[in-house]
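Visitor: generate coordinates for the sequence data below:
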Amino acid sequence: MKRYVLHTPFNIYHFEAKSWMHSVHKHTYYEIIFILKGNGVHNINGNSFQYSKGDVFLLGPEDYHDFEINAITEFCFIRFNESFYKIENEDKDSTWQQVRRNLLYTSSQSRGSIVQDKKDKQKLHHLLAVLEAEYENQQSQYFEIIRDSLMRSMMIILARNLFGQTSTSPVLKDSVEAILMYIKQHIYKPNDLNIEHLANVFNYAPDYISIFFKKHTGESLKQYIIKHKIKLIEVRLLYSQMTISAISDEFGYTDESHFCKQFKKFTGSTPTTFRKRE
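Guide: Modelled structure (predicted):
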């Protein structure tokens, strides 16, 4: 399956299409997808959702999707890496940080459009219009301040809608979606992601949770965890000034040598060589 890469922390992609030109694919980044006009079907992770004007979708790096366009559709994609919100000096326990983490690390794959409230759809589209207008003048000294404020407002509205659906669209504790969510929330804590601990959290036998996960995702539990971690490490290497040692520590590696060997095994290059690509 093709994986698209975003070479900047943030960009906006606005276009119209009569037919979808891309095969099913994943990304290395997050996408907020606005449907400005048209209708059709959005296929996400094997689920199909009807879409129409006003719908908003949120996809993470491990989600795969494509569109079936029935009527000419105007899309606007806001695309950003996790590093876009990696602010070193920000209070990690602030309300905003909690909202951001919960929104980005909660799978919305089984919910389709995550905004149901008509007024919130209007608010988001107004915010998008302002953001696009400012995006045309990225060289302005005020652009990043305005962009960050608008993105924060958008994401808080998205979070309010997503978590407000809990009562009607719960994430069941014994679902693979719950396991994926847990992995994303605990990716920096290796001890929380070993098979025995996960089996205990989800009330499965250690052997069965591995079988259950592979049956629903097509990938082994251990392999998925490592690949998800490596994807986040790639973002750190490309878009942060953190040292190799600091990145190794952040992701719970006790041995920098082991970290480098595992990274090379999955990417074909050492962390230092990978960083020099950009």
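
Visitor: report the rounded mean pLDDT for the strand or helix carrying His126.
Guide: Using DSSP states H and E, His126 maps to helix 118-135. Computed over helix 118-135, the mean pLDDT rounds to 95.

Visitor: how about the helices in the stretch 51-200 of the chain?
Guide: Ranges of helices within the stretch 51-200 of the chain are 95-105, 118-135, 143-164, 176-185, 195-201, based on DSSP state H, counting those that start in this stretch.

Visitor: identify the residues contacting the second one?
Guide: If I follow you right, that is helix 118-135. 12, 14, 34, 36, 54-56, 76, 78, 115, 140, 143, 146-147, 150-151, 153-154, 157-158, 160-161 (C-beta atoms under 8 Å, 6 or more residues apart in numbering). Any C-beta I mention is one placed from the backbone N, CA and C, and that applies to glycine too.

Visitor: can you name the farthest residue from the center of the chain?
Guide: Here the chain reaches farthest from its C-alpha mean at Ala205, the gap being 29.2 Å by C-alpha atoms, centre = their mean.

Visitor: so Asp207 sits in a strand?
Guide: No: assessed with DSSP: H, G, I helix; E, B strand; the rest coil, Asp207 is helix; it does not lie in a strand.

Visitor: where does the residue sitting nearest the centre point of the chain land on pLDDT?
Guide: Nearest to the mean C-alpha position of the chain, counting by C-alpha atoms, centre = their mean, stands Gly60 at 2.3 Å. Predicted confidence (pLDDT) for Gly60: 83.

Visitor: cool, Ser48 as well?
Guide: Ser48 is given a pLDDT of 86.

Visitor: I'd say it and Asp66 touch.
Guide: No: Ser48 sits out of contact with Asp66 when judged by C-beta atoms under 8 Å, with a separation of 10.4 Å.

Visitor: show me which of the two is the more surrounded one.
Guide: Asp66 (14 against 10; other C-beta atoms under 10 Å).

Visitor: for beta bridges, what are the partners of that one?
Guide: Beta-bridge partners recorded for Asp66 (DSSP bridges): Asn43.

Visitor: how near is it to Tyr224?
Guide: 21 Å (C-beta to C-beta, to the nearest Å).

Visitor: what residue ranges in the stretch 1-150 of the chain are flagged as low confidence?
Guide: Across the stretch 1-150 of the chain, the ranges flagged by pLDDT under 70 are 83, 85-95, 98, 102, 105-111.

Visitor: ok, which stretches of it are strands?
Guide: 2-4, 10-17, 25-27, 30-44, 47-52, 56-59, 65-80 (DSSP state E, counting those that start in this stretch).

Visitor: return the most buried member of those strands.
Guide: strand 56-59 (a mean of 24; mean count of other C-beta atoms under 10 Å).

Visitor: any idea how far that one is from the chain center?
Guide: Its chain's average C-alpha position is 10 Å from that of strand 56-59, according to C-alpha atoms, centre = their mean, to the nearest Å.

Visitor: list the helices and strands that strand packs on?
Guide: strand 30-44, helix 143-164 (3 or more C-beta pairs under 8 Å, 6 or more residues apart in numbering; DSSP states H and E).

Visitor: does the nearest residue to Leu59 once chain neighbours are set aside have beta-bridge partners, and which?
Guide: Of all residues not flanking Leu59 in the chain, Glu31 sits nearest, at 4.6 Å (C-beta to C-beta, 6 or more residues apart in numbering). With DSSP bridges as the criterion, Glu31 is bridged to Leu59, Arg79.

Visitor: was I right to think Glu31 contacts Leu58?
Guide: Yes: under the criterion of C-beta under 8 Å, Glu31 makes contact with Leu58 at 7.3 Å.

Visitor: any idea how far Val78 lies from Glu31?
Guide: Not Val; residue 78 is Ile. Counting by C-beta to C-beta - Ile78 and Glu31 are separated by 7 Å.

Visitor: do Ile146 as well
Guide: Ile146 is 21 Å from Glu31, by C-beta to C-beta.

Visitor: tell me who's in contact with the residue farthest from the centre of the chain.
Guide: Ala199.

Visitor: could you do Met21 as well?
Guide: Contact criterion C-beta under 8 Å, 6+ apart gives no residues in contact with Met21.
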